[in-house]
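**Student:** what would the 3D arrangement of this be:
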Amino acid sequence: MTEAPEPNRLFLLDGMALVYRAHFALIRSPIMNSKGVNTSALFGFTNTLLSIIQTEKPTHLAVAWDTSAPTPRHEKYPAYKANRDEMPEELRAAIPACKELCKAFAIPLLEIDGYEADDLIGTLAKTADERGEFHTFMVTPDKDFAQLISPTTTMWKPGRKGSDYEAITTKELPEIWGVQEPHQIIDLLGLMGDASDNIPGVPGIGPKTAVKLIAEYGSIENLLENTDKLKGKQKENVENNRENALLSKDLATIIRDAPLDVSFEDLTLSPYDEEAIQRLFAEHEFRTLSKRLFGNKAPAVTSADESASLPEPPAALRTIADTKPKYQLVNSPALEKQLFEALESAESYCFDLETTSLDRFESKILGIAFSLKAGEGFYLPYNRVHHPRLQELFAKPSEKIGHNLKFDLHILNSHGIQVSGPFFDTMLVHALLYPEQRHTMDRLAENLLNYQTIKLADIVPDEVEPEAEEEGADGDLFAFAAKKKKKAPASSKKGDLNMKSIPLESLAEYAAEDADITWQLAEHLRPLLAKNELTEVYETIEAPLLPVLVKMEAEGIKLDPELLAEVGVDLGNRIDNLSQSITAAAGEEFNLNSPKQLGEILFEKLKLVDKPKKTKTGQFKTDEQTLSLLAIEHPIAADILLYRQATKLKSTYVDSLPNDIAPHDQRIHTHLHQHIAATGRLASSDPNLQNIPIRSELGREIRKAFVPRQVCGVDVSSTHPGEGSSKNNSRTTPEFTLLAADYSQIELRIMAALSGDPSMIAAFQNDQDIHTETAAKVYGISSSEVTSDHRRTAKMVNFGIIYGISAFGLAQRLSIPRAEATEIIKAYWEQYPKIRDFMNATIESAKEKGYTETLSGRRRYFPDIKSGNGTVRANAERAAINTPIQGTAADMIKLAMIQTADLLEKEQTQSKMLLQVHDELLFDLHESEAQTLPDQIVATMEGALTLPNEVPIKVEVGTGQTWLEAH
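**Tutor:** Numbering: from 1, shown residues only. Take a look at the predicted model:
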C-alpha cells in the first residue's frame, strides 16, 4: 500500500504584527547601526524569517501586510483600532526595508486595500484547507488567529527568545482557552472585547466569565436568546449590550473570502537573490545574520565600532531548577537564632517582604526573606515574637539591599519597625544606569542575569483564582490563557493573588528567590555605578531621598470634600453653559463627546475649513491642536476646548479624588516615584497630584480643595493606621496653614548658568524680571515700554527654547504668523548667542559621548542622536538639550527635599513636608513655627545646589488656608 505524500507546508506571516513585535521587544535597548539607524524591527523580522526558512522547511511562503486604507470594520465601527498610538517613525521607516528584504528572498507580498493581513491569511488558510494538500502555519503573535485553527491549520506564535515558538493546534484549544471549537474564539472576543483593537465587548465580562458563558450557551446568539437564565448585574449587562456583543463578534471575525488574485504556485518557495540579500545585510550591518545564512561565504560587514554588531539569539533563560540554590524555610528556634546572628553581624544584607496586599498602610506582613550571598536565601514567617529583634536589626547601620525598598519601608513603618540606611535599591540603581528602560525585578533578572523567576501564578493552588481575574480584568485572551496554564502574564505582580492561600514551602521558595536574585542584581549593578561615575549621584541624591519620600507619602495631604464639591458645582454649571453655547452654534443637538459627530458638525455642516484633515480611519481630526487653530477665528472651537477641559477636570479630579481619601486618616496619599522620568524628575500617581493644571483658571480651582490638616475641624496630624480620627480634636482657629515654596524660573537660571550667557546672567544677578528684559532686547525697546503682550511672547520664547520650540510651534501658541515667529526667534538668538552655542555644543557632545548629564552627574543616553531619520534625530537632539536643564532642576529639588527633611527632623518641628510638584514644595506649617521656619526653608532650598557663573537661585513662598491661596 502506498503511503500518502507529506502535505505541503504553507507558512503565512502576519508582516505588520511581526514587525511591531520586533520593534517593541527591543524598545528599551534598540539595535543601532553605525549610522545611528534603529534596525531592531528589521533585524527581528529577518531573524524570524530565517528561522522559518532554515528550521521549518516550508514549501510555500508568503507575507501578508495591512494597508493604511479603512476597512469594512471601520465603516461598521469608526472607533475600531482608534485607540492605537501613532506608528513610531522608526517603525514606519523599517517597513519598506522589510518588504525589500522579502523581495530579495523571492517571497510574495500580499496586501489589498480594505482588508487586513488577518483577512488575507484567513482566506488563504481556508482555501488551502479545502484543497487538502497543505498544512498551513499562521505565523503571528495575534490572538485573533486562534479562530482559524483547524486539523490542517496551526497557529505558529513566535516566542520572545531567539527562534522558539508555540504551536497551537485544535488539541491545545480547550486547554488554553476553555472552548471546544475554534470559531468560539470569536464569541469569546465578542463578549470580553479586545482592548488592542478597541472592540467594546460587554461591560463587566472578563475572560473567565466569557469562557463560562460560551461553555454553557455555545455562542453569543444562543446566550442572547437565553438571558432569562442569567441573574443580577450580569443579566443587566448582557441585555443592555446586545448590539455591542453582536457588533464585537462581527468586528472580531476574520474575513475568509477576500479577493486575492494569487495561486498556490505563486507561493512556492523559490531560490533567493543572494547578491541582493548580501547587499541588504551589508547596508544594515547584519553581521550575525549574514554569517548565519552564508557561512564562510558571508561578505565583510563594517561598522563604526564593534558595539554596533548584532547579538546572537540569547540562550534559554535559567530557572531555579537549573541553578539549584540553597533556600531555607526558617521554622525553628535554632534556625531563627542562626539567621539573626548572621544578619546582625553582616555589613550588608538583602531583604524582601511578603505581605497580604499592596496597601502601604493596611497590609500585614506574612514573612521576610533574606539573602547574604548569591545562591542562598532564607524565609522567616512573621510572628510578633520576632518584633523586638527585627526592630533592633533594622535599626543597625548595615546596608539594606532591596528592590523597590520604598514599599518595604512603608510596611515596616506601619508595623512600628524603623529602618536605618544606607540603602541599595536595585530598582533605583537600574533607573540611574538605564533611565529609558523598565525596572521590574523580573525583567532585570532576565536581561542582566539570564534568569527567569518564579511567578506567583506558578505556585498558587489550582482552586484559587487571581483576585483580579473576575469581571473588569484586562481582557487579554493570551494573558488569560497563560493563567489557565499556570504561567503568569507579564503584568503579574505581588498582591494580584491571594498570598495566604499559597503553601508555606512554595511561598518560602518564591520569597527566598526574590531576595537571592535581588542580591545578585546588586552585585551586577554596583560596579556599573562606579564605571559610569554615578555612585555619588546615587549615594547623595537617590538613596537618601528614599526615606524622605516614605515620610511624605505617609503624611499625605488633606482634601476637603465639601470644598471640592463646590468646585464641582461650578464646573457642572460651566459645562452646561458651554454645552448650550456649542449646541446653539451648531444649530442642532449632538454628542459633544463623539469625535465623529463633532467632526461632521464642524467640517460638513459648518464648513469651518475648506480642506479639513482626517485621521487614518477617515474621521475628521478634532484633536487639541486642530481645535486650537480653529479657535482663533471660530468661537465654537474655543468653547469645545473649554468644554473638554472642564469635563476632564470634573471626571479626573472632582469626581475621582474623594475616592482616594484614605479611611485611616482621611487624607490623600499619592505615590512619588524616583524611577519613572528619564530626566530624574519625580513622578506622582494614584492619584497624580502633579498634573493638576495651574495655568488655567479652571485648573487652579481644584487647588482650593486642598487644605491644612485642621481647616475641616479635624486634627489628624497624629493619627496612624487603625487609630482613626476624632471630632473631639476640632478647633475653632486652625493651628496650621499651607506653605508653598517654589523655585523661581529655575530652568531659565540653570540655562543661563550652563550657557554662561552674560545678558541672561546679569538679569538674574540684578533681580530683574527676565521676561521683561528678554522682551526689551528682542523688540529693541526699553523695559518701561514692554507691554503685557510683549512679556507674554518673551515668556513663551524663554521657556520654549528649553524644549526646542520651532517657529511653527511658537506661531501656533501665540496665534501669530509663522514669519513673525521666525523673526522673534532670530532676534532672540542675536541677543543671547551663548545660549545657542551651548545648545549646539550639547548636541555635539551627545553625539560624541552618547549621553548628556546634569550638574550632579546624572546621565541620560540618546541612541537616536545619530539616527538617519530626521524626525527621530531632532527629537533626540531636543531631549539632549533639555536633559541637563530639567535634570539639574530635578536634582536640585531632590537635594532640597533631603536637606529640608533633615532641618525638620533636627528642629523637631510640628510642620510637615507633604508634597513635591516639580519646582514646588508644599508644607503643613504650624502657627508656632510660622515666623522662623519659612525663612529656614527658603535658605535650605536656595543653598541645595550651587549654580556656576554665580547665577543666584531664588525661592518664593506663600501661605494660605488652601493650596490655591498658598501658591
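**Student:** check contacts around Leu933.
**Tutor:** Applying CB atoms under 8 Å, 6 or more residues apart in numbering to Leu933 gives the contacts 739, 907, 909, 911, 925. Heads up, the C-betas are built off the backbone N, CA and C, glycines and all.
**Student:** quick check: mean pLDDT of stretch 335-349?
**Tutor:** Stretch 335-349 carries an average pLDDT of 97.
**Student:** only alpha carbons, please: show it as PDB.
**Tutor:** Provided in PDB are the C-alpha atoms of stretch 335-349 (Å, rounded to 0.1, in the frame of the first residue of the first chain):
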ATOM      1  CA  LEU A 335      17.300  28.300  62.600                       C
ATOM      2  CA  GLU A 336      16.000  31.700  63.800                       C
ATOM      3  CA  LYS A 337      18.900  32.200  66.100                       C
ATOM      4  CA  GLN A 338      21.400  31.200  63.400                       C
ATOM      5  CA  LEU A 339      19.700  33.600  60.900                       C
ATOM      6  CA  PHE A 340      19.600  36.600  63.200                       C
ATOM      7  CA  GLU A 341      23.200  36.200  64.300                       C
ATOM      8  CA  ALA A 342      24.300  36.100  60.700                       C
ATOM      9  CA  LEU A 343      22.200  39.200  59.800                       C
ATOM     10  CA  GLU A 344      23.300  41.200  62.900                       C
ATOM     11  CA  SER A 345      27.000  40.700  62.100                       C
ATOM     12  CA  ALA A 346      26.700  41.400  58.400                       C
ATOM     13  CA  GLU A 347      27.800  44.700  56.800                       C
ATOM     14  CA  SER A 348      25.100  44.200  54.100                       C
ATOM     15  CA  TYR A 349      22.100  42.000  53.500                       C
END
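**Student:** and the contacts of it?
**Tutor:** Identification of contacts with stretch 335-349 by CB under 8 Å, 6+ apart yields 328, 330, 370-372, 378, 380, 386, 389, 392-393, 396, 398-401, 424.
**Student:** so what's Leu945 up against?
**Tutor:** Shown in contact with Leu945 (CB under 8 Å, 6+ apart): 855-856, 888, 891-892, 895-896, 953.
**Student:** so what's the residue count around Val139?
**Tutor:** Val139 has 28 neighbours, counted by other CB atoms under 10 Å.
**Student:** ok, now which ones touch it?
**Tutor:** Val139 makes contact with 11-14, 18, 48, 52, 156, 158 under the criterion CB under 8 Å, 6+ apart.
**Student:** among these, who's most crowded?
**Tutor:** Highest neighbour count within the contacts of Val139: Leu12, with 30 neighbours (other CB under 10 Å).
**Student:** report the separation between the closest residue to it other than its chain neighbours and Ala64.
**Tutor:** In space, and not counting its chain neighbours, Leu12 is closest to Ile121: 4.5 Å by CB to CB, 6 or more residues apart in numbering. Separation of Ile121 from Ala64 (CB to CB, to the nearest Å) stands at 5 Å.
**Student:** same check on Glu6?
**Tutor:** To Ala64, Glu6 is 25 Å away according to CB to CB.
**Student:** so between the two, which is more surrounded?
**Tutor:** Set side by side, Glu6 and Ala64 show more neighbours around Ala64, with 30 against 8, by other CB under 10 Å.
**Student:** OK, contacts around the more buried one?
**Tutor:** Here Ala64 is in contact with 12-15, 110-111, 117-118, 120-121 (criterion: CB under 8 Å, 6+ apart).
**Student:** neighbours of Ala245, how many?
**Tutor:** If we define neighbours as other CB under 10 Å, then Ala245 has 23 of them.
**Student:** please state the backbone phi and psi of it?
**Tutor:** Main-chain dihedrals, Ala245, degrees, to the nearest 10: phi -60, psi -50.
**Student:** cool, Gln180 as well?
**Tutor:** Per-residue torsions, Gln180: phi -90, psi -30 (degrees, to the nearest 10).
**Student:** nearest residue to it in space, please, no chain neighbours.
**Tutor:** In space, Gln180 is closest to Pro174, 5.8 Å off (CB to CB, 6+ apart).
**Student:** pLDDT (mean, whole number) over stretch 578-590?
**Tutor:** 94.
**Student:** what lies in contact with it?
**Tutor:** Stretch 578-590 is touched from outside by 592, 597-598, 600-601, 605-606, 635-636, 639-640, 642-643, 646, with contacts defined as CB under 8 Å, 6+ apart.
**Student:** the residue nearest to Leu12: which element?
**Tutor:** helix 117-131 (DSSP states H and E).
**Student:** run the chain-centre distance for that helix.
**Tutor:** From the chain centre to the centre of helix 117-131 is a distance of 37 Å (CA atoms, centre = their mean, to the nearest Å).
**Student:** overlap in contacts of Ile121 and Ala64?
**Tutor:** Counting by CB under 8 Å, 6+ apart, the residues touching both Ile121 and Ala64 are 12, 14.
**Student:** what are the ranges of the strands in the stretch 351-500 of the chain?
**Tutor:** Shown for the stretch 351-500 of the chain, the strands assigned by DSSP state E, counting those that start in this stretch span residues 365-371, 376-381, 399-402, 423-425.
**Student:** narrow the contacts of Leu945 to those in strands?
**Tutor:** Residues of the contacts of Leu945 located in strands (DSSP state E): none.
**Student:** now do the strands in the stretch 751-900 of the chain.
**Tutor:** 851-853, 859-861.
**Student:** among those, which comes closest to Leu563?
**Tutor:** Nearest of the strands of the stretch 751-900 of the chain to Leu563, taken as CB to CB: strand 859-861 at 40.1 Å.
**Student:** now that closest one: how far from the chain's centre is it?
**Tutor:** That offset, for strand 859-861, works out to 19 Å (CA atoms, centre = their mean).
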